[in-house]
Structures are given as C-alpha cells and as structure tokens.
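Asker: need a 3D model of the sequence below.
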Amino acid sequence: MSHHASHRWPILLLLFWCGILFFYGLTTGELWRTESLRAILGAEFLRSGNWIVPTLYGQPLLTKPPGMYAAIALTSWPFGGVSEWTARLPSALAATSIVFLFYWYFSRQFGRLAGLVAGLILPTSVMWLDKAPSAEIDMLQLAWVAAAILFFLRALEDEESTTQPRASFRWWLAALLCVAGGLLTKWTAPAFFYLTVFPLLAWRGRLWLLFSWRHLVSAAIGASLCFAWAGLAIAQVGWNEFVTTVHREASQHLFVGDHAETIQQMPASHHVHLGYWRETLTHPFKVLGVTLPWSAFALLTLRPSFRRQLDVRGRRLWQAMHCWTWPNLLFWSLMPQHSLRHSFPLVPGIMGLAALVWIGWLKDWRGGGVSPPRKTITQGAHAPRSPAYLATMLVLWLVMKITFVHAVMADRDANRQPRARGEQLAALVPVDQVLYLCRVKDEGIMFYYARPVRRLAAVADFFSISELSFCILEELEWQQWPPSRPAEVLLRLQDEQGAPIVLIKAGNSEASR
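Answerer: Coordinates of the predicted model:
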C-alpha cells in the first residue's frame with residue numbers, strides 16, 4: 001500500500017462510518033418530541049431575521065441560548081426553509097466532527113490505527129442512536145464540549161513541552177472559544193470543561209496554568225462573546241425577563257426543592273429528598289448501562305495493572321479520559337434532574353477509556369505506548385482473533401443502527417401523525433390569517449402547519465381581537481368559551497399526546513357548538 005493510500009483509508013472508512021451512523025435516517029420519520037420546537041425556533045430565525053433572541057409564537061423563549069436554532073437556520077437557509085432533514089443536519093455534522101477530532105488526537109498520540117479505533121468506537125452507544133440524527137440540542141452540545149477538551153489537551157502538551165510553551169495559546173483560544181460555543185448552545189458547557197480541566201491539572205501539579213495569561217486571555221475572549229449575546233438579548237427582552245428565565249433554568253438543575261416542586265409535585269420534604277437520593281445513586285449505573293459494552297472495558301482501566309503498563313503518553317491520555325469521565329459523572333449525579341441527556345457530554349470520556357483498552361489489545365506498541373492489561377491477548381493463538389472481535393461488534397452496531405431507523409424512527413409516527421394534522425389546519429386557515437393559541441403545546445403539529453402562530457396569555461385575550469380570528473384551543477378552554485362570543489368549530493382533532501383540541505373561527509359567525 002502506498003504512503004498516501006495508507007493515510008487515506010482510515011479517513012475513507014470513518015467517512016463511511018459517519019455516513020451510515022449519522023446521515024442515514026435524517027429523512028426518516030416526522031420530527032419527534034422537542035425536535036419540532038427546535039425546528040420552529042430555527043424557522044423563526046429565518047422568517048424574522050432576529051438571530052439573537054429565540055422566539056416562539058411571538059414570545060421570547062430564553063430557556064436555551066440560540067446556538068442550536070442558529071445552526072438549524074444556517075443549514076436550512078440554502079434550501080429555502082426548515083425541513084426534517086435540515087433541522088437534523090447540525091447534529092449529524094457535529095457528530096462527524098467529533099469522530100474526526102477523536103481520530104486526530106488519538107492518532108497524534110499513538111498512530112493512525114489507534115485513531116481509527118477511537119473514532120470507530122466513540123459513537124457506538126445507545127444515546128448516539130437517538131441523538132446523532134436528531135434536531136435536539138444534545139449532540140451539538142457534546143461536540144462543543146468534546147472539542148474544547150481535546151483542544152485543551154493539545155494546549156497542555158505544548159505547556160508541558162520545554163521548547164514551545166507559548167505555542168499553546170492558539171490551542172487555549174480554540175478550547176475556550178468552543179466553551180463559549182457550548183454555552184451559547186446550552187448553559188452547562190463550562191461546567192463540563194472545568195470539571196475535566198481542574199482535576200487533570202491538579203493531578204499533574206499544574207493548577208497554576210489556570211492563572212497563566214494564555215488561559216486568562218482566552219477565557220476573556222470567549223466570555224466576551226457570551227456577554228455580547230447576553231447584552232443584545234437584554235436590550236431586546238429587558239433585564240428582568242432575561243434574569244428571571246436564566247435563574248429559573250439554573251434553579252431546576254441546582255436546587256432539589258425547586259426541582260421537586262416543578263417536576264415531581266411532592267409537598268413532603270422527606271419524599272423529595274428520598275426521590276433525589278434514589279436518582280443520585282442510580283444515575284451512574286444508568287450512564288454506564290447505556291454505554292455498554294464499552295463501559296465494561298472502560299472499567300478495566302481502573303486496574304492498577306493496566307496503568308503500570310502504560311508509557312508516558314499512554315498514561316497522560318489515560319489520566320485525561322478518567323478526569324473527563326468520573327468528576328463529571330459525580331457532579332451530574334448530585335445535581336437534580338438526573339436525565340441521561342444532561343450527562344451526554346461525559347460519554348466520550350468513557351468511550352476514550354474503552355478505546356485505550358482495545359488499542360492495547362489490537363496493537364503491539366514497540367518502542368512504547370499502550371500495552372494490554374493481559375499480554376496473552378496480543379501474543380499467542382488468540383492474537384489474530386482480536387480484530388475480528390472488534391469488527392463483529394462494529395458490524396452488529398451497524399445492524400442496530402439500521403434496525404433503529406426502520407423499526408423505531410419509522411414507527412414513531414403511527415399514532416401521532418403531526419404532518420397530516422398540521423396540513424389539516426393549514427387547509428382550513430386562510431393564508432393571510434394568524435392562528436392564535438393559548439395553552440395548546442404541540443409544536444409537532446404547529447411545525448407542519450408552517451404558518452404564523454401567536455400565543456395569547458389567556459383565553460380572555462381572544463375576545464380583545466376585533467377582527468375575524470382563528471384559534472386552536474384545548475377542550476377545557478373551548479368549554480369555557482362564553483356563548484356571547486360567536487364562534488364556529490372548524491375541526492376537532494387530537495394532539496400528539498392524544499388530548500382533544502379544537503380549531504375555531506371566531507368573530508363573524510353565529511356560535512356553533
């Protein structure tokens with residue numbers, strides 16, 4: 001094999017791998033759960049030209065920063081609007097970028113075979129099945145966090161070099177810009193970054209690097225981007241609206257009482273804390289469970305015998321992956337709202353540890369590197385079969401991916417039918433009319449309705465609209481509609497959760513109920 005061909009084949013293999021895992025299924029099935037919400041907000045960016053404050057039905061929505069919505073708008077703009085596949089495209093591109101960043105970093109440490117193994121293993125966990133071809137925020141958030149940590153590790157290499165410590169500034173800057181990108185996508189990115197960086201620097205006796213000008217200047221540049229967005233958002237929505245929303249989001253993740261009252265509705269404090277501690281104790285097992293079988297290999301790296309057989313490069317990467325995994329797992333287990341997706345950005349740490357094990361099993365590191373914890377696996381009769389084991393697991397994962405697309409994604413729409421219901425609404429509401437709603441929360445139907453929608457604070461606000469208006473109401477709202485206000489029922493249907501909703505035309509006809 002020629003020199004150029006030996007460089008190309010891992011890249012081509014990873015491109016095929018990413019194409020199947022991330023892009024296959026982009027057009028399968030209608031938008032699911034909060035995918036529709038993300039798509040609506042991205043479409044509003046294109047419609048309004050306001051890319052600073054996410055707006056839903058005419059009202060600002062600052063529960064998340066605008067990063068994902070801007071990404072959806074960017075990928076959809078060349079195609080004239082937001083569709084299922086353009087809304088999901090940012091996640092697929094983000095997943096691909098992290099696979100290649102893993103390939104780059106592991107290849108830099110141990111060669112192309114190691115990089116290929118790490119890149120192939122990284123996306124083979126259950127959470128990637130659902131998040132990679134998705135319009136959800138989680139994959140883009142993981143990409144920002146993972147890129148920030150890998151660029152930091154590259155900066156740390158230069159910092160530990162005796163010849164070019166100043167060269168680390170560009171990598172520090174890249175890392176902190178990625179942290180800023182993560183924060184502008186989802187608030188938690190800095191926590192994941194520093195929960196990895198602080199333990200690793202402490203372990204290596206280099207905490208002083210956090211006070212170096214290279215880190216401080218990079219952090220200031222990244223923070224300035226975030227403050228610039230916050231200032232522009234405050235100018236549009238006001239200080240109180242901005243601070244109240246951000247505080248509410250933070251309190252749900254930081255305070256047990258707030259989480260219990262808003263999510264669990266448990267008035268008794270002992271029930272609140274019992275539920276909290278039950279979730280805290282089970283959360284690590286859930287994370288390790290959804291990353292099986294790779295988490296089992298990652299646990300092998302906790303054995304002292306594994307560490308002893310690492311050279312300097314192997315030990316540094318081993319340290320980094322452990323600091324990526326366990327401090328974050330502990331922190332996010334202690335936080336309220338123990339959702340697996342909130343812990344998603346720590347999953348690459350687990351996969352990186354598993355990759356170290358398999359790299360040791362698959363390659364004899366002559367002249368140093370990662371050695372396997374059991375030499376009999378790479379020496380003797382079993383050595384030729386080790387690649388076959390990994391290849392079999394990866395092929396099975398491809399089968400699982402294809403099955404997921406055709407058996408899970410395609411089946412989600414059997415009873416929901418958001419496209420059909422959205423088109424029903426669009427056929428009954430004139431193109432030049434605004435559709436109003438109050439308590440209806442069904443972004444799936446509203447996305448496929450694809451027309452201007454405005455939310456009113458209360459049903460009584462409908463009555464202040466003097467002209468002809470089209471309203472979609474929950475059944476209870478319709479039952480409370482006063483007979484004195486003329487209204488005609490145009491359509492009765494169910495939302496995606498099966499609850500009855502009613503489309504009415506109000507203002508110029510006799511009431512019809």
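Asker: buried residues in stretch 47-65?
Answerer: 51-57, 60-62, 64-65 (16 or more other Cβ atoms under 10 Å). For every residue, glycine as well, the C-beta is placed using N, CA and C.
Asker: let's see which of these end up in strands.
Answerer: Residues of the buried residues of stretch 47-65 located in strands (DSSP state E): 55-56, 60.
Asker: ok, so of those residues, who is nearest residue 306?
Answerer: For residue 306, the nearest member of those is residue 56. The distance, counting by Cβ to Cβ, is 49.7 Å.
Asker: list the contacts for that closest one?
Answerer: Contact analysis of residue 56 by Cβ atoms under 8 Å, 6 or more residues apart in numbering lists 37, 40-41, 44, 455.
Asker: on that earlier part again, closest to residue 480 out of the ones in strands among the buried residues of stretch 47-65?
Answerer: Nearest to residue 480 among these, with distances taken as Cβ to Cβ, is residue 56, at 24.0 Å.
Asker: quick check: the closest one vs residue 148, distance?
Answerer: Separation of residue 56 from residue 148 (Cβ to Cβ, to the nearest Å): 29 Å.
Asker: among the buried residues of stretch 47-65, which pair sits farthest apart?
Answerer: Among the buried residues of stretch 47-65, 57 and 65 lie farthest apart (Cβ to Cβ), at 19.1 Å.
Asker: helix or strand right after the biggest helix by length in the chain?
Answerer: The longest helix of the chain (DSSP state H) is helix 84-110. Per DSSP states H and E, the first helix or strand lying C-terminal to helix 84-110 is helix 112-121.
Asker: for the next helix or strand after that following helix, packing partners?
Answerer: Using DSSP H and E, the helix or strand that follows helix 112-121 towards the C-terminus is helix 126-131. Judged by 3 or more Cβ pairs under 8 Å, 6 or more residues apart in numbering; DSSP states H and E, helix 126-131 is in contact with helix 84-110, helix 138-159.
Asker: what would those look like in TSV with mean pLDDT, mean neighbour count and distance to residue 442?
Answerer: Shown next, in TSV, are the helices and strands packed on helix 126-131 (pLDDT from 0 to 100; neighbours: other Cβ atoms under 10 Å; distance: least, Cβ to Cβ, whole Å):
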stretch	mean pLDDT	mean neighbour count	distance to residue 442
helix 84-110	97	22	17
helix 138-159	96	25	22
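Asker: now render the ones you listed as CSV, adding distance to residue 8.
Answerer: What follows is the helices and strands packed on helix 126-131, written out as CSV (distance: least, Cβ to Cβ, whole Å):
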stretch, distance to residue 8
helix 84-110, 13
helix 138-159, 23
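Asker: out of those helices, which is closest to residue 498?
Answerer: Nearest of the helices and strands packed on helix 126-131 to residue 498, taken as Cβ to Cβ: helix 84-110 at 22.4 Å.
Asker: go ahead and flag the most central residue of this structure.
Answerer: residue 138 (0.6 Å; Cα atoms, centre = their mean).
Asker: any idea how far it is from residue 287?
Answerer: In this structure, residue 138 and residue 287 are 14 Å apart, going by Cβ to Cβ.
Asker: same question for residue 12.
Answerer: Counting by Cβ to Cβ, the separation of residue 12 from residue 287 is 33 Å.
Asker: again with residue 436
Answerer: 43 Å.
Asker: how about residue 80?
Answerer: Using Cβ to Cβ, residue 80 is found at 40 Å from residue 287.
Asker: neighbour-wise, which of the two wins?
Answerer: Counted by other Cβ atoms under 10 Å, residue 80 and residue 287 do not tie: residue 287 has more neighbours, with 24 against 9.
Asker: quick one, strands of the chain?
Answerer: 55-56, 59-60, 435-437, 453-455, 469-474, 487-494, 500-506.
Asker: in JSON lines: these, plus distance to residue 239 and mean pLDDT.
Answerer: JSON lines is the format used below for the strands of the chain (distance: least, Cβ to Cβ, whole Å; pLDDT from 0 to 100):
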{"stretch": "strand 55-56", "distance to residue 239": "18", "mean pLDDT": "94"}
{"stretch": "strand 59-60", "distance to residue 239": "13", "mean pLDDT": "92"}
{"stretch": "strand 435-437", "distance to residue 239": "28", "mean pLDDT": "94"}
{"stretch": "strand 453-455", "distance to residue 239": "22", "mean pLDDT": "94"}
{"stretch": "strand 469-474", "distance to residue 239": "33", "mean pLDDT": "92"}
{"stretch": "strand 487-494", "distance to residue 239": "39", "mean pLDDT": "92"}
{"stretch": "strand 500-506", "distance to residue 239": "36", "mean pLDDT": "93"}
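Asker: quick one: which of those strands is nearest residue 405?
Answerer: strand 487-494 (26.6 Å).
Asker: buried ones in the closest one?
Answerer: Buried, per 16+ other Cβ under 10 Å, within strand 487-494: 487, 490-491, 494.
Asker: how close does residue 332 sit to residue 326?
Answerer: Computed with Cβ to Cβ, the distance linking residue 332 and residue 326 is 11 Å.
Asker: more neighbours: which of those two?
Answerer: Remark: of residue 332 and residue 326, residue 332 carries more neighbours, 26 against 18, as counted by other Cβ under 10 Å.
Asker: so what's the more buried one up against?
Answerer: With the criterion set at Cβ under 8 Å, 6+ apart, residue 332 makes contact with 283, 338, 342-343, 346.
Asker: of all those residues, which comes closest to residue 179?
Answerer: Of all the contacts of residue 332, residue 179 sits closest to residue 346, with 15.1 Å by Cβ to Cβ.
Asker: how far away is the closest one from residue 89?
Answerer: Distance of residue 346 to residue 89, computed by Cβ to Cβ: 25 Å.
Asker: low pLDDT regions in the stretch 301-450 of the chain?
Answerer: Of all residues in the stretch 301-450 of the chain, those with pLDDT under 70 make up the ranges 363-385.
Asker: how does it look with 90?
Answerer: Across the stretch 301-450 of the chain, the ranges flagged by pLDDT under 90 are 305, 308-311, 335-339, 360-389, 407-417, 441-442.
Asker: residue 391: neighbour count?
Answerer: Other residues close to residue 391 by other Cβ under 10 Å number 11.
Asker: go on, residue 281?
Answerer: Residue 281 has 11 nearby residues by other Cβ under 10 Å.
Asker: ok, the residue nearest to the centre of the chain to residue 342 distance?
Answerer: Between residue 138 and residue 342 the computed distance is 9 Å (Cβ to Cβ).
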